[in-house]
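A.B. asks: Show me the folded form of this:
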Amino acid sequence: MDRSYHEVVNAEPGIPASIDSYRILHRIGHGGQGAVYRAEDPGGAPVALKVLHDELSKDADHRRRFLREVELARRVAPFCTARVLDMGVFGDRPYIVSEFVPGASLHHVVQEEGPRTGGGLERLAVATATALAAIHRAGIVHRDFKPSNVLMGPEGPVVIDFGISRALDHTATMSGSIGTPGYMAPEQIENGEVTPAADVFAWAATMAFAATGRRAFPGTTVPQLINAIMTREPRLDGVPPGLRPLIEQALNKNPALRPTAPELVKALTGDEFAVETMPLAPPVKNRKPAWLAGALAVVVAGGVLTWQLWPDGDSATTGDGARMGTTLTPAPVTFGQPVGGPVDVQEDDVRNIGFIDVDGVPTAVSGGDDNTVRVVDLDTGSELHAMAGHEKWVRDVAVGLLDGTEIAVTAADDGSLRIWDLRKGTQLSNPMLGHEGGVKGVDIGTLNGDPIAVSGGVDGTVRVWDLHSGEQIGESMTGTTKAVWAVALAEANGVPIVVSTGDEGWVRVWDLTTRQQLGEPMTGHIGWARSVEIGELDGKPVAVTGGEDKTARIWDLTTRTSLGTPLTGHTSWVWGVALGESGGKPIAVTASEDKTARVWDLAAGAEIGGPLEGHTDRVYCAAFGSVGGKPVAITGGRDESIRVWDLSPPLPG
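C.D. replies: Now for the predicted structure:
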């Protein structure tokens, strides 16, 4: 076989056919800091080779951190973990070579084949607990233990991905401290404390998923998942009686009451497990809770999808380096009242808006008819960046994290999607092109651990994009007869889905994996529907849409049918919808042509309080966020301004 030249399939730019003595075959995934390739060693044996991303390799700190992780990984005994074989540097890019484990992830296997049972479940529990014990013995916390980080190899389950692990004896970075919704321990959410006990919690949540096929803590949005983890008992019906007591103990909200990984192994096998732990430093605490890193957290090593979240917003501070809000600082106000005054952002209509926490600063990101993307500090009302690049109106904005960097992905009438670094105010990569005509809607999340965007356009298609390469993934989803104006990622019946709507007024649900439409379109709107958001009611994922018929409508995504009666009250078109929670109630905010926004109790199908009045022209968009520790709605419209509204409980009525 000629090994001198071949094309590497799906490679990043700059990846050669071989690196040192390793022949690169094709890319098999992304990590938080690098891409992973299937490769061959000089003897032809398969290996996994991880290369630090080119943009990160330019940073000496990232290179040092990457190489430090290699040394930490070498300390892990190969008990049910992928062995580290080699390391090196080509050019300025470090790489690590590890054992290649053929096999699908536990997440994929459960989705395709159903829950694990009997001896298979018992072996899975023992193997993964043994792996955690070995990891902890090396002085490491995995930090992102979950079903997609367990490979079902031919010789048994193997725990992978130490790319986001950090040793306990050095300070973690913010981007390295993020876990995955549904598998994070309460203390990790509340105060950023990360100890081996957090891994034990994640192990138990993973075993519950393996045994039942569903998460132990219900929810389709990050706020719902976090609320369930912090306040509810896990759903463990379906877990075998012999395993359930151990999982219940490991899911205790008090980390001190959870068993250690060696104790898990002992309980599962009935034998002593000799593990000499290395001296561990005190638990690492982040400057802010882990989930305050962003709103829609696009975590590269994440699960299938991640969703919107508002932080606690402890932004107004005193003392040296204090930043006291001057324009939008919340005062003691009632539900539905404005928080500060309007902030003029665009030089033309504000078409869409997103909220994200950027290093402790509550931040609004808007796009508009002046072709720009604006970034605004909601503490002070000051503009941080005005980002130019689009050649026509910016129609939609989605915000989140990519490799630890706060980003926005925008869709515009120039036919492109663009990725923006919200800290630097710069474009991250070339435009994503493929739609024939304008792009009207965008959402971002992850699929099988890889960060993606989905988009809809005037060509009637829904497309999926790789946020690392900027390339379209797979075939377009076709069948819509008119322009697609809005898309949203979700999960229903264990299947990752995309919900789309637009000028035809129908709501379509697509299987994100097969790209096929699921069932018939959901109908009800009269005229167009140009917004869709995802939430949860009674443990079920729902979509909420707004339309030309002056209504918002709720759709059950498990049965693909309408729920209740339309939300009525607006006197003209409903352009935008945002979903969130206040006072324990799921609520929606709708933005309308009638110059108002309205707040709704989704469970009751009733309006809360009166309309939010202040805009002087049509209101196009709404988002949920937090300013000064209070939940707020942020609206934008034709008057070129954004406004912030207090949604703190108690709720009227």
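A.B. asks: Can you read off the pLDDT for Y95?
C.D. replies: Listed pLDDT for Y95 reads 84.
A.B. asks: Next, the distance between the ends of stretch 250-259.
C.D. replies: 6 Å (CA to CA, to the nearest Å).
A.B. asks: With stretch 399-411 instead?
C.D. replies: First residue to last in stretch 399-411 (CA to CA) measures 12 Å.
A.B. asks: Same question for stretch 568-588.
C.D. replies: Stretch 568-588: ends 13 Å apart by CA to CA.
A.B. asks: What residues of that stretch count as buried?
C.D. replies: Using 16 or more other CB atoms under 10 Å as the test for burial, stretch 568-588 gives 569-570, 573-582, 586-588. No exception for glycine: its C-beta is placed from N, CA and C like everyone else's.
A.B. asks: again with stretch 93-108
C.D. replies: 93-101, 103-108.
A.B. asks: Tell me which two in the residues you listed are the farthest apart.
C.D. replies: R93 and L106 (30.5 Å; CB to CB).
A.B. asks: Sitting in strands, which of the buried residues of stretch 93-108 do you find?
C.D. replies: Applying DSSP state E to these, the entries found in strands are 93-99.
A.B. asks: and of these, the nearest to S469?
C.D. replies: R93 (16.5 Å).
A.B. asks: The closest one contacts L49, correct?
C.D. replies: No - using CB atoms under 8 Å, R93 is not in contact with L49, being 11.2 Å away.
A.B. asks: Which stretches in the stretch 101-250 of the chain count as strands?
C.D. replies: Secondary structure of the stretch 101-250 of the chain (DSSP state E, counting those that start in this stretch): strands at 140-141, 150-153, 156-159, 166-167.
A.B. asks: packing partners for the helix or strand hosting I444?
C.D. replies: Taking DSSP states H and E as the criterion, I444 maps to strand 439-447. With contacts taken as 3 or more CB pairs under 8 Å, 6 or more residues apart in numbering; DSSP states H and E, strand 439-447 sits against strand 394-402, strand 405-412, strand 416-421, strand 450-457, strand 484-492, strand 495-502.
A.B. asks: now these as CSV including distance to V36, mean pLDDT and mean neighbour count?
C.D. replies: Formatted as CSV, those follow (distance: least, CB to CB, whole Å; pLDDT from 0 to 100; neighbours: other CB atoms under 10 Å):
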stretch, distance to V36, mean pLDDT, mean neighbour count
strand 394-402, 17, 93, 27
strand 405-412, 19, 95, 27
strand 416-421, 21, 97, 23
strand 450-457, 11, 95, 26
strand 484-492, 23, 95, 26
strand 495-502, 21, 96, 26
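A.B. asks: could those strands go into a markdown table alongside distance to E263?
C.D. replies: Formatted as a markdown table, these follow (distance: least, CB to CB, whole Å):
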| stretch | distance to E263 |
| --- | --- |
| strand 394-402 | 34 |
| strand 405-412 | 38 |
| strand 416-421 | 44 |
| strand 450-457 | 35 |
| strand 484-492 | 33 |
| strand 495-502 | 35 |
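A.B. asks: out of those strands, which comes closest to W510?
C.D. replies: That would be, of the helices and strands packed on strand 439-447 and by CB to CB, strand 495-502, which comes in at 4.5 Å.
A.B. asks: buried ones in the very next helix or strand once past that closest one?
C.D. replies: Sequence order places strand 507-511 as the next helix or strand after strand 495-502, per DSSP H and E. Counting neighbours by 16+ other CB under 10 Å, one finds that the buried residues in strand 507-511 are 507-510.
A.B. asks: what does stretch 35-42 give?
C.D. replies: Of the residues in stretch 35-42, those buried (16+ other CB under 10 Å) are 35-41.
A.B. asks: Now do stretch 635-643: distance to the chain's middle.
C.D. replies: From the chain centre to the centre of stretch 635-643 is a distance of 27 Å (CA atoms, centre = their mean, to the nearest Å).
A.B. asks: Ok, stretch 593-606 next?
C.D. replies: With CA atoms, centre = their mean, you get 26 Å for stretch 593-606.
A.B. asks: Endpoints of that stretch, how far apart?
C.D. replies: So stretch 593-606: terminal residues 20 Å apart, CA to CA.
A.B. asks: Rounded mean pLDDT for the longest helix seen in the chain, please.
C.D. replies: Ranked by residue count under DSSP state H, the longest helix found in the chain is helix 118-137. Averaging pLDDT along helix 118-137 gives 90.
A.B. asks: now for that helix, which elements pack on it?
C.D. replies: strand 156-159, helix 196-212, helix 261-269.
A.B. asks: Tell me where the stretch 251-400 of the chain has strands.
C.D. replies: 343-344, 350-358, 361-368, 372-377, 382-388, 394-402.
A.B. asks: closest to R137 out of these?
C.D. replies: Across those, closest to R137 is strand 394-402 (CB to CB), at 30.7 Å.
A.B. asks: from the middle of its chain, how far away would the closest one be?
C.D. replies: Worked out by CA atoms, centre = their mean, strand 394-402 lies 12 Å from the chain centre.
A.B. asks: Tell me the strands beside it, with direction?
C.D. replies: strand 405-412 (antiparallel) (DSSP bridges).
A.B. asks: what's the angle from the partner strand to strand 361-368?
C.D. replies: Orientation of strand 405-412 against strand 361-368 (axes from the mean of the first three to the mean of the last three CA atoms, to 10 degrees) gives an angle of 20 degrees.
A.B. asks: Could you check the pLDDT of P279?
C.D. replies: 36.
A.B. asks: what residue ranges in the stretch 151-300 of the chain score low on pLDDT?
C.D. replies: 161-180, 191-193, 220-223, 271-300 (pLDDT under 70).
A.B. asks: So the chain: which segments form each domain?
C.D. replies: 18-99, 106-290 (automatic domain parsing).
A.B. asks: hang on, isn't L401 packed against V409?
C.D. replies: No - L401 sits out of contact with V409 when judged by CB under 8 Å, with a separation of 11.5 Å.
A.B. asks: dump the residue contacts of the nearest residue to Q337 once chain neighbours are set aside.
C.D. replies: Excluding its sequence neighbours, the residue lying closest to Q337 (CB to CB, 6 or more residues apart in numbering) is D646, at 5.2 Å. Taking CB atoms under 8 Å, 6 or more residues apart in numbering, we find D646 in contact with 330, 333-339, 630, 632.
A.B. asks: picking that back up, for A127, find the nearest of the helices and strands packed on strand 439-447.
C.D. replies: Here strand 450-457 is closest among the helices and strands packed on strand 439-447 (CB to CB), at 25.3 Å.
A.B. asks: What average pLDDT does the following helix or strand past the closest one get?
C.D. replies: Using DSSP H and E, the helix or strand that directly follows strand 450-457 along the chain is strand 462-466. The average pLDDT for strand 462-466 rounds to 98.
A.B. asks: Give me the helices and strands touching strand 462-466, please.
C.D. replies: strand 450-457, strand 495-502.
A.B. asks: Could I get these in a markdown table, plus columns for distance to E475?
C.D. replies: Below are the helices and strands packed on strand 462-466 laid out as a markdown table (distance: least, CB to CB, whole Å):
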| stretch | distance to E475 |
| --- | --- |
| strand 450-457 | 13 |
| strand 495-502 | 13 |
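A.B. asks: which one of those lies closest to S18?
C.D. replies: strand 450-457 (24.3 Å).
A.B. asks: Just want the angle from the closest one to strand 394-402.
C.D. replies: Using the same axes, to 10 degrees: strand 450-457 against strand 394-402 is 170 degrees.
A.B. asks: Going by distance to T616, which of the buried residues of stretch 568-588 wins?
C.D. replies: Checking those one by one against T616 (CB to CB), the nearest turns out to be W575, at 15.6 Å.
A.B. asks: Please list all residues in contact with the closest one.
C.D. replies: Contacts of W575 (CB under 8 Å, 6+ apart): 530-531, 546, 591-593, 618-621.
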